[in-house]
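Engineer: A predicted structure for the sequence below; I have some questions about it.
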Amino acid sequence: MALQEYRCPCCGGSIEFNSTVGKMKCPFCDTEFEMDALKELDQALENEEPESMKWEGYEGQSWGGEDMNGMASYHCKSCGAEIVTAETTGASSCPFCGNPIVMMQNFAGQLKPDFIIPFKLDKNAAKEALSKHFQGKKLLPSAFSSENHIDEVNGVYVPFWLFNSGADADMRYKATKVRRWSDNDYNYKETKYYTIVRSGSLTFENIPVDASKKMDDDLMDSLEPFKFEEQKEFITAYLSGYLADKYDVSADESVERANLRIKNSTAQQFLSTVKGYDSVQTENSNIRLRDGSYKYVLLPMWILNTNWNGQKFVFGMNGQTGKFVGNLPMDKGKYWKYFFIYFFISFVIAFIGAYLLLMD
C-alpha cells in the first residue's frame, strides 16, 4: 500500500496540518507550508508505481483471503514497522514511532473525495468543550467529572455523501376552525372544515449523509450543521496528523436517508404556510425529486471516548464549528432529591394559596 509521510525540508521532521494557522506546520522548527504547494506532490504520488521486492522461488505460508478480510497492511517509512489496520482507514499514525501517515491508495481513483472541510479547532478545544458540557448538569453524578478520565481524543475526518436535488410537491390538508359562545341556556360550538392545497418547488443543497458504518448516525446528525461554503479541494496533506476513513456505505445505499430528510423538510416547510386554523392534518403528500446529484466529502469531527463506572460514554465535537454533543449519566439519588424538593415547594405554595383564598 502506498503511504505518504510529509517531511519538513528544513529539519526533516514529520509535518502535519495545523488547524490554528490553516497550513501544514512543522512542530519541531515551526516552518509553515501553504496547502497549494502540496497539490503537485499529491499528483506525482498518485502516479507512482508500488515497489516490488519479490523473491523468485520462495514459497512461504501467506495470509488467506478470509484472514485479511476487511484488513490491510502497510510499512511505516520512518521506523519500518509493519502495521495491520482496517482497509477503510485513510489516515492514521504509526503506533511505534508516532509519525502521521496517509494511505494514498485508499484515496485514489473513484474513492478520492471531491472536497474536504479542514479542522478549525484543535484537541485542547475538544477537551475544554467536554468540561463545559459537564457544567450546570445538576443530575450529573458528582464523581463523574472528577473520576472520569478521557480514554481517547481523536480528530477524525468522517466520510459523507452530500446530496443536491430539486423537489416539486403537491400537498393537501384538512383543517378546521372552531368558534364557541354561550347564552343563558346553552353553550355553543361551531366547527368549519376546510380543504387546503399547496403546490410548489424547493431546492436542497449539501444534504449530508454519514458514509461510515463505524460512526453512529444519530451522533453524526447531531453535530450538524457545517459551513459548506468553507470546503476546500481535497488534498491528502489535510489528513496528516488526523485519523480518516474512506466510505464503506455507498451513495446508492445512502439515498434512502437523503430522501427521508428531503421528504421531512419539504413537509415541514409546506405545513408552515398553513396558518390561522385550529387544527391541520395532512391528507395527501406527493413529492417528486429532480436534477439529483451527489459528491463525496470528508468532514472534521473530534470523537472523545470516556469510561466511568464500567460504562463507556462517547462525545462528539464538530471540528469546524465547535458544536458539542454527548449523553451523560444521571445520579438517581439526586433525581429523587430534587423531585421531593420541588414537590414540597409546590405543595407549600398551593397550601398557602388555598389558605389565602379561604381567608378572603
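Structural biologist: Good, I have the coordinates.
Engineer: all contacts plus neighbour counts: C-alpha atoms, from now on.
Structural biologist: Will do.
Engineer: And the helices in the stretch 201-350 of the chain?
Structural biologist: Along the stretch 201-350 of the chain, the segments classed as helices by DSSP state H, counting those that start in this stretch run 217-222, 251-271, 332-359.
Engineer: ditto for the stretch 51-200 of the chain
Structural biologist: Counting by DSSP H, counting those that start in this stretch, the helices of the stretch 51-200 of the chain are 123-134, 142-147.
Engineer: Distance check, residue 269 against residue 250.
Structural biologist: 29 Å (CA to CA, to the nearest Å).
Engineer: domain parsing for this protein?
Structural biologist: 3-50+69-114, 330-360 (automatic domain parsing).
Engineer: Which of those comes out lowest on mean pLDDT?
Structural biologist: Per-stretch mean pLDDT for those is lowest at domain 330-360 (a mean of 61).
Engineer: For the closest residue to residue 257 other than its chain neighbours, give me its contacts.
Structural biologist: The shortest distance from residue 257 to any non-neighbouring residue, by CA to CA, 6 or more residues apart in numbering, is to residue 209 (7.0 Å). Counting by CA atoms under 8 Å, 6 or more residues apart in numbering, residue 209 makes contact with 160-163, 254, 257-258.
Engineer: Give me the pLDDT for residue 209.
Structural biologist: So, for residue 209, pLDDT stands at 94.
Engineer: where's it relative to residue 242, distance?
Structural biologist: For residue 209 relative to residue 242 (CA to CA), the value is 21 Å.
Engineer: try residue 212
Structural biologist: 16 Å.
Engineer: For residue 274, the count of nearby residues, please.
Structural biologist: If you count neighbours by other CA atoms under 10 Å, residue 274 ends up with 14.
Engineer: likewise residue 193?
Structural biologist: 12.
Engineer: Test my guess that it contacts residue 174.
Structural biologist: Yes. If you go by CA atoms under 8 Å, residue 193 and residue 174 touch, sitting 7.2 Å apart.
Engineer: Low-confidence ranges, the stretch 201-350 of the chain, go.
Structural biologist: Residues of the stretch 201-350 of the chain that meet the criterion pLDDT under 70 lie in 329-344, 347-348, 350.
Engineer: ok, which stretches of the stretch 151-300 of the chain are strands?
Structural biologist: Residue ranges of the strands in the stretch 151-300 of the chain, as given by DSSP state E, counting those that start in this stretch, are 187-210, 232-233, 243-245, 279-308.
Engineer: Export those to CSV and append columns for distance to residue 123.
Structural biologist: As requested, the strands of the stretch 151-300 of the chain are exported to CSV (distance: least, CA to CA, whole Å):
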stretch, distance to residue 123
strand 187-210, 22
strand 232-233, 21
strand 243-245, 13
strand 279-308, 8
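Engineer: Next, count neighbours for residue 37.
Structural biologist: For residue 37, the tally of surrounding residues (other CA under 10 Å) stands at 10.
Engineer: Using the three-state scheme, assign it.
Structural biologist: The assignment at residue 37 comes out as helix when based on DSSP: H, G, I helix; E, B strand; the rest coil.
Engineer: residues touching it, list them.
Structural biologist: Per CA under 8 Å, 6+ apart, neighbours of residue 37: none.
Engineer: Please renumber the chain so that the first residue is 41 from this point on.
Structural biologist: Shifting the count to begin at 41 puts that one at residue 77.
Engineer: Leaving out chain neighbours, which residue sits closest to residue 208?
Structural biologist: Among residues not flanking residue 208 along the chain, residue 241 sits closest, at 4.4 Å (CA to CA, 6+ apart).
Engineer: Please give me every residue in contact with the one you found.
Structural biologist: For residue 241, the contact set (CA under 8 Å, 6+ apart) comprises 206-209.
Engineer: Using CSV, list the CA coordinates for stretch 347-357.
Structural biologist: This file holds the C-alpha atoms of stretch 347-357, laid out as CSV (Å, rounded to 0.1, in the frame of the first residue of the first chain):
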residue,chain,number,x,y,z
ASN,A,347,-15.0,5.4,30.8
TRP,A,348,-16.8,5.7,34.1
ASN,A,349,-18.3,3.1,36.5
GLY,A,350,-17.9,0.4,33.9
GLN,A,351,-19.8,2.3,31.2
LYS,A,352,-18.4,3.9,28.1
PHE,A,353,-19.6,7.3,27.1
VAL,A,354,-18.9,8.8,23.6
PHE,A,355,-18.9,12.5,22.9
GLY,A,356,-18.5,14.3,19.6
MET,A,357,-17.5,17.8,18.6
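Engineer: buried ones in that stretch?
Structural biologist: Under the neighbour-count criterion of 16 or more other CA atoms under 10 Å, stretch 347-357 has 347, 353-357 buried.
Engineer: repeat for stretch 320-330
Structural biologist: Residues 320, 327, 329 are the ones in stretch 320-330 that count as buried (16+ other CA under 10 Å).
Engineer: which residues sit against it?
Structural biologist: 205-216, 303, 307, 314.
Engineer: wait, which of these is closest to residue 275?
Structural biologist: Nearest to residue 275 among the contacts of stretch 320-330, counting by CA to CA, is residue 205 at 26.7 Å.
Engineer: mind checking how far that closest one is from residue 329?
Structural biologist: 6 Å.
Engineer: what does residue 303 give?
Structural biologist: 10 Å.
Engineer: Could you report the neighbour count for the closest residue to residue 157 other than its chain neighbours?
Structural biologist: Among residues not flanking residue 157 along the chain, residue 271 sits closest, at 4.5 Å (CA to CA, 6+ apart). Per other CA under 10 Å, the neighbour tally for residue 271 reads 16.
Engineer: now swap in residue 70 and tell me
Structural biologist: Other residues close to residue 70 by other CA under 10 Å number 13.
Engineer: do the same with residue 198
Structural biologist: Residue 198 - counted by other CA under 10 Å - has 23 other residues nearby.
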